[in-house]
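[1] Build the 3D model from these lines:
(one chain, ligands or ions: 1)
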Amino acid sequence: MRQIIIGNWKMNGSNALVAEIAPAVLAEAAQLAADLVLCPPATLIAPLAVALAGQVKVGGQDCHAQEAGAHTGDIAAGMLREAGASYVILGHSERRADHGETDAEVRAKIEAARAAGLTPIVCVGEDEAARAEGAAETVVLGQLARSLPEDFVAPPGGLVAYEPVWAIGSGRTPTAGDIAAMHGAIRAALRARFGAGGARVAILYGGSVKPANAARVLALPEVGGALVGGASLIAGDFLAIARAATLGSAAGTG
Ligand code: PEP
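    Residues are numbered from 1 along each chain as shown. Presented below is the predicted three-dimensional model:
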């Protein structure tokens, strides 16, 4: 399966960044064995989608669970779609922390995204205390069980991103063994719940993926790609990670 490298710009970026990154990504995208997706802030979805001309997909970073209504400041999945997005990140730990998002809310957002034809990228991950207590797997599998709707593997499908909260933006990553063990546990849970469809869901790793560690992470079993924060704001770094994914997919992972 082709690996997928997704950039999460978070609340960063500008028209100038779109003008800088889009041509650099387009110049290489066709030669890469990995698929690329860029998720800018909502205001940049349309210009980035235009600049990438459908050759590289664009995603949002959140959506509301409802189609429309009195929800000042929120964005509906259909609006993201109309702006040019085909993916949306949901349940990111920064949304869970900053906005108190629960697994039930994440599930409702996944359902709304799928109904609008967007592919959700569902983030799960333990905090440092849970990892220290040996509860990481229980936390992650619990989030997964509560967040994913019953039809998750039906078109337009969905992706899972394992992002340990303590690894995001910290420069720290789990050991190779810990990443492989968690991805294996997530795969087993997806298979048990969704059967053959669960075997095909891409499970991405996220948390301080950089050019220096990308090849090591992407070569691990059941790692189907990466969700990249900080390094996705630098075209050279994002593309270096994508080149490492090419090697990973050639090794048959994902
Ligand atoms: C993220 O926020 O999804 C992320 C993985 O960030 P970073 O790569 O900066 O750790």
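[2] For the residue of the chain most remote from its centre, which three-state class applies?
    Taking C-alpha atoms, centre = their mean, the residue of the chain most remote from its mean C-alpha position is A70, at 28.2 Å. When classified by DSSP: H, G, I helix; E, B strand; the rest coil, A70 comes out as coil.
[3] What is the neighbour count of P164?
    P164 sits with 28 neighbouring residues when counted by other C-beta atoms under 10 Å. In short, each C-beta sits where N, CA and C put it, glycine included.
[4] Next, give phi and psi for it.
    phi -60, psi 130 (degrees, to the nearest 10).
[5] show me the contacts for the closest residue to it other than its chain neighbours.
    Spatially, and ignoring its direct neighbours in sequence, P164 is nearest to G125 (4.7 Å; C-beta to C-beta, 6 or more residues apart in numbering). Neighbour list for G125: 93, 140, 143, 162-165, 167-168, 206-207 [criterion: C-beta atoms under 8 Å, 6 or more residues apart in numbering].
[6] Among those, which lie within helices?
    Under the assignment DSSP state H, those contribute 93, 140, 143 to helices.
[7] for those, which one is nearest the ligand?
    The ligand has its nearest neighbour among the ones in helices among the contacts of G125 in S93, at 7.5 Å by C-beta to the nearest ligand atom.
[8] Contact partners for M79?
    C63.
[9] Now do the SS call for I6.
    I6 - assigned by three-state DSSP - is strand.
[10] quick revisit: pLDDT wise, what is the residue farthest from the centre of the chain at?
    For A70, the model assigns a pLDDT of 98.
[11] For it, give its distance to H64.
    11 Å (C-beta to C-beta, to the nearest Å).
[12] With G91 instead?
    14 Å.
[13] which ones are touching the residue of the stretch 1-150 of the chain found nearest the ligand?
    The ligand sits closest to N8 of the stretch 1-150 of the chain, with a gap of 4.4 Å, by C-beta to the nearest ligand atom. For N8, the contacting residues are 39, 61, 89, 92, 206, 227-229, 232, by C-beta under 8 Å, 6+ apart.
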